[in-house]
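> Need a 3D model of the following:
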Amino acid sequence: MTAPTNALLRAAVVGEREDLEDTIHRVAPEETPFISNIGKMKVKNVLHEWQTQALTAADPTNQQLEGDDIGTHTAAIQPARRSVYAGIFRKDGVISETVKASDRAGRADEVDYQKMIRGIELRRDMEARMIGNYAAVAESGATTRKTAGALAWIETNDSFGAGGSSGGWTAAGLVSAATNGTQRTLTETLLKGVLVTGFTNGAKYSQAYMSGTHKQIASAFTGIADIRASVSGSSQATIYGAADTYVSDFGPISFIPHAYGLSRDVLLIDPSGWAVGTYRGVTTTQLAKNGDNERWMTTAEKMLVCKNEKQGAAIRDIT
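Have a look, this model is predicted:
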């Protein structure tokens, strides 16, 4: 049937009030687990430098004759000098005075709301840069200064597909990005390979960062901590579909899914070997008024400090 002739239908109504919920639902990954879990330090220059020390291989034949004199002395081992630049991270905004005067749903102050959103985005930008495979860049002309990412630093304990190669520290004093190789399936064998190499080099990894897809694959590894919860009486057991802790031969490792920073690599770290270096902290500055609006910018000048790249491992080129 159809509506009666001349029935007033909603499409013809004038003046109907809107039903706009007074809440803004934000569904986006906001967490920054990598920069939240590693160390924090204050740096005094946009170029921060430090030193690393390697030891000669253990010598089981090092026994000498009684009363023996030293002929040729062992050469002194000098530390290696390393450095990284801080990058300037920035977000900004401009809001008209008309918008500021309006009555908006879900937020009382538009300027404060936009500053809050930009602040979240700024931390995500820092997270994505510092966990990723990004080279360090020195500022020159229109080229901006950039800090290196963790996946670019790693060169000793590096597993990659055919045609791939490590990045790492270069003679030019910068960190190069790794070269991608042929992608392969993430397996427990690949994980065990970097764990034993890390242990041999003196590192013990306690955190592994990976995409959601790779987290699901890793949850099926046989070294997961538990797959069932303890129950009493006749209660039904709970079966876990995910592994948050992998118990390896060299200690437990937390599997940490990353929503936006990783897609083809798994990053393993000893958190004590990494730090976010701050030259300038997060600061919001009101910009000069030049019209019927309010302007601001939020900046931070930070770097990723890799105290020793052997305290990280990478399983690269995985599908």
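> buried sites along stretch 277-286?
Within stretch 277-286, the residues scored as buried using 16 or more other CB atoms under 10 Å are Gly277, Thr278, Tyr279, Val282. Where C-beta positions appear, they are placed from N, C-alpha and C, glycine not excepted.
> Give me the contacts around that stretch.
Stretch 277-286 has contacts (CB atoms under 8 Å, 6 or more residues apart in numbering) with 40-46, 48, 84, 86, 115, 119, 122, 294-305.
> Residues contacting the helix or strand hosting Leu191, please?
In this structure, Leu191 sits in helix 188-200 according to DSSP states H and E. By CB under 8 Å, 6+ apart, the residues outside helix 188-200 that reach it are 156-157, 159, 184, 204-205, 208, 218, 221-223, 246, 248-250, 253, 266, 268, 310, 313-315, 318.
> Send me it as PDB with only the CA atoms.
Provided in PDB are the C-alpha atoms of helix 188-200 (Å, rounded to 0.1, in the frame of the first residue of the first chain):
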ATOM      1  CA  GLU A 188      59.700 -20.400  14.700                       C
ATOM      2  CA  THR A 189      63.000 -21.500  13.100                       C
ATOM      3  CA  LEU A 190      63.700 -17.900  12.000                       C
ATOM      4  CA  LEU A 191      62.900 -16.700  15.500                       C
ATOM      5  CA  LYS A 192      65.200 -19.300  17.100                       C
ATOM      6  CA  GLY A 193      68.000 -18.400  14.700                       C
ATOM      7  CA  VAL A 194      68.200 -14.700  15.800                       C
ATOM      8  CA  LEU A 195      67.700 -15.700  19.400                       C
ATOM      9  CA  VAL A 196      70.800 -18.000  19.500                       C
ATOM     10  CA  THR A 197      72.900 -15.500  17.500                       C
ATOM     11  CA  GLY A 198      71.900 -12.700  19.900                       C
ATOM     12  CA  PHE A 199      72.800 -14.900  22.900                       C
ATOM     13  CA  THR A 200      76.200 -15.700  21.300                       C
END
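> now that helix, how far from the centre of its chain.
21 Å (CA atoms, centre = their mean, to the nearest Å).
> Equivalent analysis for stretch 246-254, please.
21 Å.
> For the remainder of this discussion, apply numbering that starts at 50.
I'll keep to 50 as the first residue from here, and by that count the last item is stretch 295-303.
> That stretch spans what distance, first to last residue?
End-to-end distance of stretch 295-303 (CA to CA, to the nearest Å): 6 Å.
> Could I get the buried residue list for it?
Counting neighbours by 16+ other CB under 10 Å, stretch 295-303 gives Tyr295, Ser297, Ile302, Ser303 as buried.
> that older thread, closest to Ser145 among the buried residues of stretch 326-335?
Within the buried residues of stretch 326-335, proximity to Ser145 (CB to CB) peaks at Val331, which comes in at 25.4 Å.
> Secondary structure element holding that closest one?
With DSSP H and E as the test, Val331 turns up in strand 323-335.
> now that strand: mean pLDDT?
Averaged across strand 323-335, pLDDT comes to 96.
> and what of stretch 87-106?
Averaging pLDDT along stretch 87-106 yields 94.
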